[in-house]
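*Asks:* Kindly generate the corresponding structure for this input.
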Amino acid sequence: MKCSSVLTASLILVSALAATAQTAASHPAQTPAAHPAARAAATAPVPSPSGPVKVAVIAFQAAVSQTNEFQRDFAVVQKKYEPRRTQLKSLSDDVDTLTKQLQAQSATLSDAQRSERAHAIDVKKKQLDRDTQDAQTDFQTDMQEVINRIATKVGDVMTSYANQHGYTLVIDASPSQQQSPLVLYAHESLDITRAVIDAYNEKSGVAAPAAAAPAEAPDAPAPAPKH
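*Replies:* A predicted model of the protein is given here:
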């Protein structure tokens with residue numbers, strides 16, 4: 001039995017935020033219906049365009065996950081849960097070992113002995129399930145806090161960048177079934193994702209983590225600003 005693989009996959013998975021949306025989590029973190037970044041964008045004064053509408057696209061989830069601040073805070077969360085992941089793996093290995101021993105020795109054991117050992121294994125399995133669920137929930141809660149906090153600030157930087165460069169419409173091109181509209185094609189010249197990331201990193205003052213693989217998109221998609 002490899003119940004700890006559920007948590008292990010969840011922990012590794014947030015290194016790629018897009019993949020986390022595909023994780024079968026029993027207690028998925030909830031994305032706010034109206035994120036502060038969305039509310040700010042919705043209430044900000046919008047000047048009437050005097051000329052043609054200038055459109056830009058942004059992969060908002062990628063913009064959030066590729067900021068230096070997210071990479072730093074993500075590493076902190078990973079480190080925080082490493083001991084629990086180790087404990088779950090140890091417990092899972094213990095269950096596997098006891099199960100194999102029972103199977104190998106079953107013929108030489110009395111009914112009472114087999115029942116006693118099977119019960120002990122069942123107790124450990126239930127503990128592993130509970131501990132895995134608790135760890136998943138705690139991990140996702142911590143990650144959702146990081147995502148929401150940084151997404152709010154990225155939304156502010158995006159709005160400021162759009163205003164400064166005369167964009168009247170910014171469309172989220174993040175690959176998510178929950179996003180609308182769906183961008184089927186956009187010329188690369190319209191993509192402001194990298195520019196917003198760079199502007200955010202400059203404003204935050206957070207240095208790029210050393211030898212850190214960039215997260216691509218976790219377990220709960222970053223809420224994108226809506227206009």
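*Asks:* ok, for residue 201, nearest residue in space, not its chain neighbours?
*Replies:* Among residues not flanking residue 201 along the chain, residue 68 sits closest, at 4.9 Å (C-beta to C-beta, 6 or more residues apart in numbering). From N, CA and C alone the C-beta is placed, and that goes for glycine too.
*Asks:* try residue 186
*Replies:* Closest residue to residue 186 in three dimensions, ignoring its sequence neighbours and counting by C-beta to C-beta, 6+ apart: residue 57, at 4.5 Å.
*Asks:* So which bits of stretch 161-176 are buried?
*Replies:* By neighbour count on 16 or more other C-beta atoms under 10 Å, the buried set for stretch 161-176 is 161-162, 167-168, 170-174, 176.
*Asks:* ok, now stretch 126-142?
*Replies:* By 16+ other C-beta under 10 Å, the buried positions in stretch 126-142 come out as 128, 131-133, 135-136, 139-140, 142.
*Asks:* related to what we said a few turns ago, distance check, the residue nearest to residue 201 against residue 106.
*Replies:* Residue 68 sits 56 Å away from residue 106, going by C-beta to C-beta, to the nearest Å.
*Asks:* quick one, which of those two is more surrounded?
*Replies:* Taking neighbours as other C-beta atoms under 10 Å, residue 68 and residue 106 compare with residue 68 leading, 19 against 12.
*Asks:* Please name the residues that touch that one.
*Replies:* 201, 204, 206-209 (C-beta atoms under 8 Å, 6 or more residues apart in numbering).
*Asks:* Out of those residues, which is nearest to residue 96?
*Replies:* Comparing these against residue 96 with C-beta to C-beta picks out residue 209 as the nearest, at 35.1 Å.
*Asks:* does the closest one count as helix, strand or coil?
*Replies:* Under DSSP: H, G, I helix; E, B strand; the rest coil, residue 209 falls in the coil class.
*Asks:* Cross-check the contact I'm expecting between it and residue 69.
*Replies:* No - using C-beta atoms under 8 Å, residue 209 makes no contact with residue 69, being 9.9 Å away.
*Asks:* Please say which of the two ends up with more neighbours.
*Replies:* Neighbour count, other C-beta under 10 Å: between residue 209 and residue 69, residue 69 has more, with 21 against 16.
*Asks:* I figured that one hits residue 203, correct?
*Replies:* No - the criterion here is C-beta under 8 Å, and residue 69 misses it with residue 203 at 9.9 Å.
*Asks:* now the helices: where do they sit in the chain?
*Replies:* All helices of the chain, identified by DSSP state H, fall at 4-13, 17-20, 36-43, 60-65, 68-105, 111-164, 193-204.
*Asks:* so which of these is the most packed in?
*Replies:* helix 60-65 (a mean of 29; mean count of other C-beta atoms under 10 Å).
*Asks:* quick one: average confidence on that helix?
*Replies:* Averaged over helix 60-65, pLDDT sits at 94.
*Asks:* can you check stretch 195-212 too?
*Replies:* Per-residue pLDDT values across stretch 195-212 average out to 90.
*Asks:* again, but for stretch 137-153
*Replies:* Stretch 137-153 carries an average pLDDT of 96.
*Asks:* and it, C-alpha only, in CSV?
*Replies:* Listed next in CSV are the C-alpha coordinates belonging to stretch 137-153 (Å, rounded to 0.1, in the frame of the first residue of the first chain):
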residue,chain,number,x,y,z
THR,A,137,-5.3,19.8,3.8
ASP,A,138,-2.7,21.7,5.8
PHE,A,139,-0.4,21.8,2.8
GLN,A,140,-3.1,23.1,0.4
THR,A,141,-4.2,25.7,2.9
ASP,A,142,-0.7,27.1,3.2
MET,A,143,-0.2,27.0,-0.6
GLN,A,144,-3.6,28.8,-1.1
GLU,A,145,-2.5,31.5,1.2
VAL,A,146,0.7,32.0,-0.7
ILE,A,147,-1.1,32.0,-4.1
ASN,A,148,-3.8,34.4,-3.0
ARG,A,149,-1.4,36.9,-1.4
ILE,A,150,0.9,37.0,-4.4
ALA,A,151,-1.9,36.9,-7.0
THR,A,152,-3.4,40.0,-5.4
LYS,A,153,-0.1,41.9,-5.8
